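Q: Give me a 3D structure for the following:
(chains A and B)
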There are 2 protein chains.
Amino acid sequence: MTNSESFSSPFPSPAQRRRDRESKRDAVLKAAVRLFNEKGFHATSVDDIAQALGVTKPVIYHYIGSKDQVLFHCVEVGLSQLLDAAEKSHEVAGNGRERLAAFLKLYARIIMDDFGLCVIRTSEEQLSPESRVHFRALKRKVDEAIRRHVADGVADGSVETDNVTLAAATAAGAINWTARWFDPEGPLDRAAVADFIVNQLMFGLVPREKLTEI
Amino acid sequence: MTNSESFSSPFPSPAQRRRDRESKRDAVLKAAVRLFNEKGFHATSVDDIAQALGVTKPVIYHYIGSKDQVLFHCVEVGLSQLLDAAEKSHEVAGNGRERLAAFLKLYARIIMDDFGLCVIRTSEEQLSPESRVHFRALKRKVDEAIRRHVADGVADGSVETDNVTLAAATAAGAINWTARWFDPEGPLDRAAVADFIVNQLMFGLVPREKLTEI
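A: Next up, the predicted model:
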């Protein structure tokens, strides 16, 4: 606790002001990403976002900026979540395959959640030329992170593939496509669907006891 | 050969007129689907399609109709190709898994080709309400065809999964996502990429000799 807090000063400390600003930015992005996912980017106005938060348009411009800047910050949050998951999974105990599986399960849960979904649904044309460059660079980092996890598994012999790039693209594709079909109201929740897909990617569709025959 | 053909009559027979009309429709759809895939649906005008064929706009309207009807007929061709592949694969010799693999390889080649790519890239909002109903119905048929192939493999014990619907969605997703990354100018052609993805879907990423340990 800072001094000003312990004395209950009515003047917020710089740290309080920063936290306040961050929590307002977060609230704007959370409201925006839901509207973008529900109604689509084009059909959502800055007014809609402001209304969802009970504020006026200038508040949105003040905390984030124009509509395409709001969209860029939404995909930035989603892509950062994916990169954090890749980093965190390097620390999972076990072999490369176990770390890859842990990462892909986190990846899938993020993709089925608001910010991840927005990453998948956003096309480059919706962003300003400048944001587009950042968007591409972050997406490339995520692709590299998946390939690195696959390659780590290949290196320690716990993953088998003769093309790391295609293997990573196939796995990511199966997960990214959930953006088109996953229904949060459906019988299985995000975690269960994530586990199912990653198990199928790891073990395939061939019955295990049959593999020796093939 | 019909009589009129053997006498080289300058008046086309009804069969010739039908073939002529069909080949013109095909040419319009082929030119259109390439433009839609390259430039996007919104950025392509009926004039662009006409110009690509060296004809005038009314010719396009005469053979197909409005721009959204052209788009609908393009996705209809792609979806018919996928349904034909599903049918043909039922006749492949072998067990359910072999038929599923044969189908998914054909499916993947179609998705990486012009009309299949257009199916994946087209969103319902681009179609008229009437076309949208047909589009959805055909897509549902394709989804059912994939599930039926998976279920056939489960029934004869050559495929292992405890959720046919999710297994089919995972496999289709890995393939459909190629629409975002497959590059016809890249090192591997459509057939090689199709084979790779389907093998990965069948055998997974776990080394086969390790499966007995898990």
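Q: can we go C-alpha only for contacts and neighbour counts from here?
A: Will do.
Q: what are the ranges of the helices in chain A?
A: Per DSSP state H, chain A carries helices over the ranges A:3-6, A:14-39, A:46-53, A:57-63, A:67-89, A:96-111, A:114-121, A:129-155, A:164-176, A:178-181, A:190-203.
Q: what's the closest of those helices to B:V154?
A: Of all these, it is helix A:190-203 that lies closest to B:V154, at 14.2 Å by Cα to Cα.
Q: other SSEs contacting the closest one?
A: If you count contacts as 3 or more Cα pairs under 8 Å, 6 or more residues apart in numbering or on different chains; DSSP states H and E, helix A:190-203 packs onto helix A:96-111, helix A:164-176, helix B:164-176, helix B:190-203.
Q: Out of those helices, which is closest to B:L71?
A: helix B:164-176 (18.7 Å).
Q: Where do the domain boundaries of chain A fall?
A: Following automatic domain parsing, one gets these domains for chain A: A:11-65, A:66-207.
Q: on that earlier part again, make a markdown table out of the helices of chain A and add mean pLDDT and distance to B:L188.
A: Output for the helices of chain A, formatted as a markdown table (pLDDT from 0 to 100; distance: least, Cα to Cα, whole Å):
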| stretch | mean pLDDT | distance to B:L188 |
| --- | --- | --- |
| helix A:3-6 | 52 | 63 |
| helix A:14-39 | 93 | 35 |
| helix A:46-53 | 96 | 44 |
| helix A:57-63 | 93 | 47 |
| helix A:67-89 | 97 | 28 |
| helix A:96-111 | 97 | 25 |
| helix A:114-121 | 97 | 25 |
| helix A:129-155 | 97 | 18 |
| helix A:164-176 | 98 | 10 |
| helix A:178-181 | 96 | 26 |
| helix A:190-203 | 97 | 22 |
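Q: Take the ones you listed and write them to JSON lines, including distance to B:A52 and mean neighbour count.
A: Listed next are the helices of chain A as JSON lines, based on distance: least, Cα to Cα, whole Å; neighbours: other Cα atoms under 10 Å in any protein chain shown:
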{"stretch": "helix A:3-6", "distance to B:A52": "71", "mean neighbour count": "10"}
{"stretch": "helix A:14-39", "distance to B:A52": "35", "mean neighbour count": "16"}
{"stretch": "helix A:46-53", "distance to B:A52": "40", "mean neighbour count": "17"}
{"stretch": "helix A:57-63", "distance to B:A52": "44", "mean neighbour count": "16"}
{"stretch": "helix A:67-89", "distance to B:A52": "34", "mean neighbour count": "21"}
{"stretch": "helix A:96-111", "distance to B:A52": "39", "mean neighbour count": "24"}
{"stretch": "helix A:114-121", "distance to B:A52": "31", "mean neighbour count": "24"}
{"stretch": "helix A:129-155", "distance to B:A52": "29", "mean neighbour count": "18"}
{"stretch": "helix A:164-176", "distance to B:A52": "33", "mean neighbour count": "23"}
{"stretch": "helix A:178-181", "distance to B:A52": "33", "mean neighbour count": "16"}
{"stretch": "helix A:190-203", "distance to B:A52": "43", "mean neighbour count": "21"}
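Q: Take the ones you listed and lay them out in JSON lines including distance to B:L29.
A: Listed next are the helices of chain A as JSON lines, based on distance: least, Cα to Cα, whole Å:
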{"stretch": "helix A:3-6", "distance to B:L29": "70"}
{"stretch": "helix A:14-39", "distance to B:L29": "31"}
{"stretch": "helix A:46-53", "distance to B:L29": "39"}
{"stretch": "helix A:57-63", "distance to B:L29": "45"}
{"stretch": "helix A:67-89", "distance to B:L29": "35"}
{"stretch": "helix A:96-111", "distance to B:L29": "35"}
{"stretch": "helix A:114-121", "distance to B:L29": "27"}
{"stretch": "helix A:129-155", "distance to B:L29": "32"}
{"stretch": "helix A:164-176", "distance to B:L29": "28"}
{"stretch": "helix A:178-181", "distance to B:L29": "26"}
{"stretch": "helix A:190-203", "distance to B:L29": "36"}
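Q: so which of these gets nearest B:H42?
A: helix A:114-121 (17.3 Å).
Q: Can I get the closest one in CSV? Just the C-alpha atoms.
A: Provided in CSV are the C-alpha atoms of helix A:114-121 (Å, rounded to 0.1, in the frame of the first residue of the first chain):
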residue,chain,number,x,y,z
ASP,A,114,-13.4,-14.1,-27.4
PHE,A,115,-10.0,-12.7,-28.4
GLY,A,116,-8.8,-15.8,-30.1
LEU,A,117,-11.9,-16.0,-32.1
CYS,A,118,-11.4,-12.4,-33.2
VAL,A,119,-7.9,-13.3,-34.4
ILE,A,120,-9.3,-16.0,-36.7
ARG,A,121,-12.2,-13.9,-38.0
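Q: Run through who's touching that helix.
A: A:33-34, A:36-37, A:74-75, A:77-79, A:81-82, A:110-111, A:176, A:179 (Cα atoms under 8 Å, 6 or more residues apart in numbering or on different chains).
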